[in-house]
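K.L.:
Attaching a predicted model along with its sequence, questions to come.
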Amino acid sequence: MSDTARIKARALELGFSAVGIAAVTAGPTAGGPEPAPSPAATPHTDQFEAWLAAGRHGEMPWLATPRNRARRADPARILPGVRSILCAVMCHDPETDPGRDARLGRIARYAAGEDYHRVMRDLLGAMERFLEETLPGSRALWYSDTGAILERGWAERAGLGWNAKHSGLISPALGSWLLLGEVLVDRELEPDAPFGREHCGTCTRCLAACPTGAIVAPGQVDARRCISYLTIEHPGPIAPELRPLMGDWIFGCDFCQEVCPWNRFAQPAREARLHARTLEDWTLERFLTLDEKAFRALFAASAIRRTGRGRFLRNVCVALGNRGRAAAAPALARARDADPDPLVREHAAWALEEIARRPPSERAT
C-alpha cells in the first residue's frame, strides 16, 4: 500500500466521511532550494478578492488584511514548502427534532451537537501526527475554519465536490451537510483529480429560498444580508428591515441547504459528538434569564458559545418578536428594562413592539 493510500485509509478510520488530496503547484524559483507555490495556482483566489472588493464580508475586517489575503493566496506562507493538502469532509446530522425548533428557535444543524471545531481539532490533530509518522522528517499543519485557507477551493481540487450556487461544497455522494478540514504537508502525495464541473445545472432553489436575498448571484453570498452572518458574526444591532425576514433563527441558518435536491444523499454523522444535544428544559423565553456565567456554562461545549451572551440574546429577542406570541411579552419586558446589555434591551423593545402590533388572534398562536 502506498503512503497516500495508507494516509487516506487512516482518515476514514478516524471517522471522516471522505478524503482527497490536492496538489499545491510549485512555481518558478528565484534560485532557492525549495520552489514556492504559485499564488495563481491557489483555487478561488480571484473570487475571494472580488468578494472582498464588493464589501460582502461585512464587519469581518480581518478577512481583508494584507496578511490574511496573502496567506489565502499562497499556502506556503502558512507552511513553508507545502506540496500537498489533505482535504477531509465530515457529515453532520441532516435531520433535527421538529419539537426542538418549536421550543428553542432554530439552530443550524451543524451546531446542534458539540462544537465541530473541537471534534475537528481532535481528528485532524491525529491526522497531522499520522502524516509526520508516515513521512519521516515531514512537517504537517491542520486547519478547520480557523485559518486563512480557501477550504472549498482546495476541497474541489481534491475531487471531493463542487462549489455550489449557495456557495457551499456539494458532494455528489454525500450532499452538502458537510464540515471541512485540511492538513497541509510539505511532501508530494498522489493527488486526486480535481472535480470537473458543477452539477447544480439550472436549479436555483437555494437562491429562491433565501428570505433576505443574501445569495446575490450563483456562488456569491453577501454576508451583510445572510442570516448565518447576522446571527453569529455581526457584532451590533441587526438592521430593522432585516429582522422580520430572519424568522426564529437564533444561530445560523439552513434554508439554502434544506431545499437542495442533492441532500437526498446526505448521510448521518459518523461522529457521535456531532449528534444533537438535549436542551429539554429550555425555551426561548428562558434563554433571556441567562447571565454571563450561566450562558458560558450552558454552551460550554457548543459552537453557540462563540457568539457571546449579548449577540445570542439579541437573536432570541428577534425570534420572539417574529413569532409574535403574547406569552413572551413578560420575559421580553424584563429584558428591555433590566438586561445589562444595551444590545439586548434594544432588540427586546423591538420584539415587544412587533407583538403589540399584531391582531389578538395572532398573538395567541
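P.N.:
That came in fine, so what should we check first?
K.L.:
hey, let's count contacts and neighbours off CA atoms from now on
P.N.:
OK.
K.L.:
three-state assignment of Cys256?
P.N.:
helix (DSSP: H, G, I helix; E, B strand; the rest coil).
K.L.:
Tell me, what's the model's pLDDT at it?
P.N.:
Here the pLDDT value assigned to Cys256 is 97.
K.L.:
what does Pro39 give?
P.N.:
You'll see Pro39 listed with a pLDDT of 44.
K.L.:
need the contact list for Met127.
P.N.:
7, 10-11, 183 (C-alpha atoms under 8 Å, 6 or more residues apart in numbering).
K.L.:
Pull the most distant pair out of those residues.
P.N.:
Of all pairs drawn from the contacts of Met127, the widest gap by C-alpha to C-alpha lies between Arg10 and Val183 and measures 13.2 Å.
K.L.:
between these two, which one's more packed in?
P.N.:
Neighbour totals were compared for Arg10 and Val183, and Val183 leads with 20 against 17 (other C-alpha atoms under 10 Å).
K.L.:
Would you map the strands across the stretch 1-150 of the chain?
P.N.:
18-23, 84-91, 106-107, 140-143 (DSSP state E, counting those that start in this stretch).
K.L.:
tally of neighbours for the nearest residue to Ala18 once chain neighbours are set aside?
P.N.:
Leaving aside its chain neighbours, Ala18 sits nearest to Val89 (5.4 Å; criterion: C-alpha to C-alpha, 6 or more residues apart in numbering). Each residue near Val89 was counted by other C-alpha under 10 Å, and the total is 25.
K.L.:
Going forward, count from 12.
P.N.:
Will do, 12 is the new start, and the previous item becomes Val100.
K.L.:
Tell me how far Val100 lies from Ile366.
P.N.:
43 Å (C-alpha to C-alpha, to the nearest Å).
K.L.:
and Glu357, what is it in contact with?
P.N.:
Counting by C-alpha under 8 Å, 6+ apart, Glu357 has contacts Arg347.
K.L.:
helix/strand/coil for it?
P.N.:
Assignment for Glu357 (three-state DSSP): helix.
K.L.:
how close does it sit to Ala349?
P.N.:
Glu357 sits at a distance of 11 Å from Ala349 (criterion: C-alpha to C-alpha).
K.L.:
just Cys102 next, same as before
P.N.:
In terms of C-alpha to C-alpha, Cys102 sits 42 Å off from Ala349.
K.L.:
Which one of those two is surrounded by more residues?
P.N.:
More crowded of Cys102 and Ala349, by other C-alpha under 10 Å: Cys102, with 24 against 12.
K.L.:
Hmm, Val30 and the more buried one touching each other?
P.N.:
No. In this structure Cys102 lies outside contact range of Val30 using C-alpha atoms under 8 Å: 11.9 Å.
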